[in-house]
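*Asks:* quick one, what's the 3D model for this:
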Amino acid sequence: MDTMLYILARAVVSLLQALPLRAVARIGRFGGGAFYLLDARHRKVATRNLTLSFPEKPIATIHALAKENFCRIGENFCCAVKTASMPDEEIAQVMEISGMEKFYSPKPGQKLESHIFAIGHFGNFELYARGSMFAPGYRFATTYRGLRQPSLNRLLQSLREQSGCLFFERRTDADALKTAMNEGSILLGLLSDQSGGDKGLRLKLFGRDCSTGAAAAVLALRYDCPLFPSICYRTSLARWRIEVGDAIPTHFNNQPRPTADIMQDVNAAFEVAIRKDPANWFWVHNRWKSLGRASRPVARPVVEG
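*Replies:* Just a heads-up that it's a prediction; the model follows:
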């Protein structure tokens with residue numbers, strides 16, 4: 001079964017990478033629209049999340065947003081496969097970055113300090129891996145969790161590694177990540193909009209409690225790195241803009257802020273981005289699911305050296 005899945009996935013990848021990007025985007029939108037009709041379970045999740053997050057919107061608008069969200073997910077998924085194989089000069093024609101002046105002002109002979117970016121499932125979020133092409137001297141890095149199917153995991157990683165980004169498996173590559181961060185000149189993007197499970201912090205998003213992973217805050221404190229929220233917006237068909245937000249304070253009066261306070265600021269930045277373009281986020285993820293054992297916010301973080 002694993003081999004058959006790999007052959008099928010490899011064929012789909014080869015087909016998408018052979019087509020023009022805008023054609024790939026249209027195929028993805030069609031596929032996303034089809035899944036909206038066929039996938040009742042995730043359609044209900046998206047509709048419920050949108051309804052509870054935007055109670056002021058009429059139900060017709062909610063359904064339209066949910067359908068467009070499925071189309072965007074399909075578009076972004078297929079485009080991510082295509083953009084993985086595109087050279088930097090072609091990526092520069094379909095992707096822009098704003099807000100770099102907030103962290104990128106290199107001086108001759110000065111070592112570049114590492115930065116951490118709280119990123120999320122916005123737009124074609126795989127494009128974050130191409131961010132270092134706009135910041136010479138930096139290496140972009142991120143973490144991931146390997147798939148259960150070994151061959152599919154290898155295929156996915158082969159696509160991602162074409163970007164030159166450094167990838168660290170969350171469960172097995174902690175030492176390698178530590179080494180890279182200590183070397184400096186790293187732009188580390190961490191997906192911070194997923195449920196943190198029972199071990200997550202119970203924080204607010206759209207006024208409701210949700211489990212929030214603390215990795216972005218913990219690592220920013222551990223390595224004394226500035227922390228920025230960063231959002232990938234879809235500007236038109238197969239076109240994106242990554243916006244770097246204002247730095248989130250990690251210290252107050254020269255003391256580390258609690259991780260819960262830092263991550264609440266991240267959630268607030270994400271909520272602003274979601275309200276700006278509601279269809280741009282991953283509503284099919286049950287961000288507010290009930291947990292058997294809710295964890296408590298950490299009053300004061302433990303910062304490792």
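*Asks:* where does pLDDT dip in this protein?
*Replies:* 1-2, 146-147, 152, 291-305 (pLDDT under 70).
*Asks:* for it, longest strand please?
*Replies:* strand 227-236 (DSSP state E).
*Asks:* and that one, what does it pack against?
*Replies:* Strand 227-236 sits against helix 59-83, strand 115-119, helix 215-222, strand 239-244, helix 259-276, with contacts defined as 3 or more Cβ pairs under 8 Å, 6 or more residues apart in numbering; DSSP states H and E. Where you see a C-beta, it was placed from the backbone N, CA and C, and this is true even at glycine.
*Asks:* just send these back as CSV, with distance to F35 and mean neighbour count too.
*Replies:* Formatted as CSV, the helices and strands packed on strand 227-236 follow (distance: least, Cβ to Cβ, whole Å; neighbours: other Cβ atoms under 10 Å):
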stretch, distance to F35, mean neighbour count
helix 59-83, 6, 21
strand 115-119, 24, 26
helix 215-222, 30, 23
strand 239-244, 21, 20
helix 259-276, 21, 20
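*Asks:* possible to save those as TSV with distance to T3?
*Replies:* Shown next, in TSV, are the helices and strands packed on strand 227-236 (distance: least, Cβ to Cβ, whole Å):
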stretch	distance to T3
helix 59-83	20
strand 115-119	33
helix 215-222	34
strand 239-244	34
helix 259-276	39
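*Asks:* to R171, which of those lies closest?
*Replies:* helix 215-222 (12.7 Å; Cβ to Cβ).
*Asks:* need the contact partners of the closest one.
*Replies:* If you take Cβ atoms under 8 Å, 6 or more residues apart in numbering as the criterion, helix 215-222 is touched by 116-118, 143, 181, 188, 190, 192, 225-227, 250, 256, 259, 262-263, 266, 301, 303-305.
*Asks:* how about a cut-off of 7 Å?
*Replies:* With Cβ atoms under 7 Å, 6 or more residues apart in numbering as the test, helix 215-222 has contacts from 116, 118, 188, 190, 192, 227, 250, 256, 259, 262-263, 266, 301, 303-304.
*Asks:* looking at those, which is nearest D175?
*Replies:* E304 (12.8 Å).
*Asks:* what sits against the residue nearest the centre of the chain?
*Replies:* Nearest residue to the geometric centre of the chain (Cα atoms, centre = their mean): G120, 2.9 Å. Going by Cβ under 7 Å, 6+ apart, G120 touches L191, S192, D193, F270.
*Asks:* one more: A247?
*Replies:* With Cβ under 7 Å, 6+ apart, A247 has these contacts: K102, P226, L227, F228.
*Asks:* now a ChimeraX select for only the buried ones of those.
*Replies:* To isolate the buried ones among the contacts of A247 in ChimeraX, judged by 16 or more other Cβ atoms under 10 Å, type:
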select :226,227,228
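*Asks:* tell me the one among the contacts of A247 nearest to G197.
*Replies:* Closest to G197, out of all of those and judged by Cβ to Cβ, is L227, at 21.8 Å.
*Asks:* so the closest one makes contact with P249?
*Replies:* No. Counting by Cβ atoms under 7 Å, L227 stays clear of P249, with 8.5 Å between them.
*Asks:* and P55, how many neighbours does it have?
*Replies:* 10 (other Cβ atoms under 10 Å).
*Asks:* what's opposite L166 in the beta bridge?
*Replies:* L166 has these beta-bridge partners by DSSP bridges: A141.
*Asks:* that one and T51: what is the separation?
*Replies:* L166 is 40 Å from T51, where distance means Cβ to Cβ, to the nearest Å.
*Asks:* the two - which one has more neighbours?
*Replies:* L166 (20 against 15).
*Asks:* including distance to T47, could the contacts of G120 go into JSON lines?
*Replies:* Formatted as JSON lines, the contacts of G120 follow (distance: Cβ to Cβ, whole Å):
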{"residue": "L191", "distance to T47": "24"}
{"residue": "S192", "distance to T47": "24"}
{"residue": "D193", "distance to T47": "19"}
{"residue": "F270", "distance to T47": "20"}
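*Asks:* for the residues you listed, which one is nearest L205?
*Replies:* F270 (7.1 Å).
*Asks:* can you give me every residue that contacts the closest one?
*Replies:* So F270 contacts G120, D193, P229 (Cβ under 7 Å, 6+ apart).
*Asks:* narrow the contacts of G120 to those in strands?
*Replies:* L191.
*Asks:* circling back to that earlier point, need the max-distance pair from the contacts of helix 215-222.
*Replies:* V266 and E304, at 20.3 Å, using Cβ to Cβ across these.
*Asks:* just the buried positions in stretch 93-108, please.
*Replies:* For stretch 93-108, by 16+ other Cβ under 10 Å, it's V94, M95, I97, G99, F103, Y104.
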